[in-house]
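J.: Predicted model and sequence below, questions to follow.
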Amino acid sequence: MQLALRDYGANLQWNVGSLFCHEQVIYGLLHFFRYFNIPNPIKWVFGSIPSLMAGGRVPLIEIALEDALQTLAAHIEESLACRLTLSNPHADAKMIKEDSINAALMSFLNTHPVEGKRHGIIVTSDILARHARDAYPNLEVILSIIRPAYDVGYGPGKDTLEWYSEKLTDPLYDVVVVNNAKLYEEGFLESLPCKDKVELLACHDCMRNCQMAKEHYERTVLFSQCLCKGYDTTQAHSLLQDTLRRCCANKQRHLDQTASYSIDEMKKVAAMGYRQFKLAGRVNSDDRFARDLHAYLFNHEVVRYLEMILPLQS
């Protein structure tokens, strides 16, 4: 049933943003793969729970440590490797010591491997990266796409070929998530070294070279920290909503500047030798998230036929 998967001219490995927020979508998809004997192209799932070191678009609800550990265990049972998004750029030795939640999650992943795959953590802080190297040697360390926003900014003349080349050749990092807008800078992706260490965002609900990324990240981190510390989240939530409103308005004005790749662009990037791709969408509804997954993973004609002859059972 290889025909059910979309053909990009190469076997791609997908990292899907469903951890702690879209589990039922993934479990249903895995059932579908098994039932029709379709090879599973999803290698990793990524996400985080509100905590001191969490970054990115965490689910804005509290998740108990026990429940988080059970979620990791369930994914491991399905042979999916997990990546924790611990990309708070301010993570330092003090925060690492205080964040007992993520210490427990990293320890669990470090001692519960998946055959042929490695769990990992997605970081912005070099301090956290070095700590993980020493304390959790079985985990991959992935440099977050948000790092350039703090170091140099996004766009031509900012996150340059030299900047990414330095990160890709640094042994501190196993994987570097590269700004996917670099596809539109002629010769950039063709010239990057260590293509096997690069991950690109195929589906990203943002604008190319978004200049609001740092603000968006800071306000998400603030809300997450207020939530996990038990503080009043009213002001943090208001700030985050303000950013979201301005972000949406900006995207409406620049609909031609989407950061997601088309299918033809995916084939172009795959032809350059890139194999690791990320599907974001943690803040989307389950239906929207599932629609994006299907668009990138499946040959729709084959899948529609399979669903017609035997509706998917949960």
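T.: It's in. Numbers count the residues shown, from 1 in each chain.

J.: so where's the stretch 101-250 of the chain uncertain?
T.: 204-205 (pLDDT under 70).

J.: And the helices in it?
T.: 126-135, 147-151, 161-168, 188-191, 213-229, 234-253 (DSSP state H, counting those that start in this stretch).

J.: Ala103: which of those helices is closest?
T.: helix 126-135 (8.3 Å; Cβ to Cβ). In this view, the C-beta of every residue, glycine as well, is placed from N, C-alpha and C.

J.: Please name every helix or strand in contact with the closest one.
T.: helix 93-98, strand 120-123, strand 140-143 (3 or more Cβ pairs under 8 Å, 6 or more residues apart in numbering; DSSP states H and E).

J.: Could you save those as a markdown table and add columns showing distance to His216 and mean neighbour count?
T.: Formatted as a markdown table, the helices and strands packed on helix 126-135 follow (distance: least, Cβ to Cβ, whole Å; neighbours: other Cβ atoms under 10 Å):
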| stretch | distance to His216 | mean neighbour count |
| --- | --- | --- |
| helix 93-98 | 20 | 14 |
| strand 120-123 | 16 | 27 |
| strand 140-143 | 19 | 24 |
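
J.: Of all the ones you listed, which one comes closest to Glu307?
T.: So among those, strand 120-123 is nearest, using Cβ to Cβ, at 33.1 Å.

J.: Just put the helices and strands packed on helix 126-135 in a markdown table and tack on distance to Ser224.
T.: Converted to a markdown table, the helices and strands packed on helix 126-135 look like this (distance: least, Cβ to Cβ, whole Å):
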| stretch | distance to Ser224 |
| --- | --- |
| helix 93-98 | 12 |
| strand 120-123 | 15 |
| strand 140-143 | 19 |
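
J.: Among the ones you listed, which comes closest to Ser87?
T.: With respect to Ser87, and counting by Cβ to Cβ, the nearest of the helices and strands packed on helix 126-135 is strand 120-123 at 5.3 Å.

J.: Show me what the closest one is packed up against.
T.: Judged by 3+ Cβ pairs under 8 Å, 6+ apart, strand 120-123 is in contact with strand 81-86, helix 126-135, strand 140-143.

J.: which one of the ones you listed is the most hemmed in?
T.: Comparing the helices and strands packed on strand 120-123 by mean neighbour count (mean count of other Cβ atoms under 10 Å), strand 81-86 comes out on top with a mean of 27.

J.: Just the pLDDT for Asp256.
T.: At Asp256, the model reports a pLDDT of 66.

J.: And Arg288, by the same measure?
T.: Looking at Arg288, its pLDDT is 86.

J.: Please apply the same query to the one 5 residues further on.
T.: If you check Leu293, the pLDDT there is 91.

J.: Many thanks, we can stop here.
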